[in-house]
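1. Pasted the sequence and its predicted model underneath.
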Amino acid sequence: MTDMIVNNLPLKVGHTLTITGIPKTGVRRFLMNIDYGADIAFHMSVWLNTTSVRYKDLVVYNTYQGGRWRQEIKHGLFPFAQKELFKFTVTLTREEFLVILSDGSEVHFPNRLGATEYKDFSFDKGVLIRGFEIN
């Protein structure tokens, strides 16, 4: 189930996407994707309030390409809490997606598909998006 889709809004090399939102009460995780046709160039899965040892209070990044998931990158710093406003940015470069989380920590996720522009975004599973801006 997709909660929110944004199409045809270009995120180009050098541009920054700023997202603000609030995780819904009782949700175990929420997702944000930067889509590229049938592939997902940037997948961000925020795991919170879960009993899973593997994914407890963790942010997981990945790419879905050619019908399969690539290697996950996990980030242990965790500035998300249920019912609390968060803000993060994603800046696109030719080499990577630079993510700045609300606690100031940085994640360098490779631009595995290598595109210089992405136009489609989706949010799933339990997040209320309050702001979505590209500049």
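-> Everything's here; your move. This structure is a prediction, so every number in the text was calculated from the model and none was measured.

2. partner residues bridging the closest residue to residue 135 other than its chain neighbours?
-> Excluding the flanking residues, the one nearest residue 135 by Cβ to Cβ, 6 or more residues apart in numbering is residue 16, at 6.1 Å. The C-beta positions use only the backbone N, C-alpha and C, and glycine is treated the same way. On the basis of DSSP bridges, residue 16 is bridged to residue 91.

3. For burial, what's the neighbour tally of residue 16?
-> Residue 16 has 14 neighbours, counted by other Cβ atoms under 10 Å.

4. same deal with residue 33?
-> Neighbour count for residue 33, taken as other Cβ under 10 Å: 22.

5. List the strands paired with the strand or helix carrying it, with their directions.
-> Using DSSP states H and E, residue 33 maps to strand 29-36. As defined by DSSP bridges, the strand partners of strand 29-36 come to strand 39-47 (antiparallel), strand 120-124 (antiparallel).

6. can you list contacts of it?
-> With Cβ atoms under 8 Å, 6 or more residues apart in numbering as the contact definition, strand 29-36 has outside contacts at 11, 19, 23-24, 40-48, 50, 55, 90, 97, 113, 115, 118, 120-127.

7. Which strands and helices lie in contact with the least confident helix or strand in the chain by mean pLDDT?
-> Ranked by mean pLDDT, DSSP states H and E, the weakest helix or strand in the chain is strand 2-6, scoring a mean of 82. Secondary-structure packing of strand 2-6 (3 or more Cβ pairs under 8 Å, 6 or more residues apart in numbering; DSSP states H and E): strand 120-124, strand 127-134.

8. Enumerate the positions of the last one that are buried.
-> What that stands for is strand 127-134. Under the neighbour-count criterion of 16 or more other Cβ atoms under 10 Å, strand 127-134 has 127, 129 buried.

9. what helices or strands is it leaning on?
-> strand 2-6, strand 16-23.

10. angle of it against strand 39-47?
-> Counting by axes from the mean of the first three to the mean of the last three Cα atoms, to 10 degrees, strand 127-134 lies at 130 degrees to strand 39-47.

11. Make residue 1 into 56 and carry on from there
-> Let's use 56 as the start, then, which means that last one is strand 182-189.

12. partners of strand 182-189 in the sheet?
-> When DSSP bridges is applied, strand 182-189 pairs with strand 71-78 (antiparallel).
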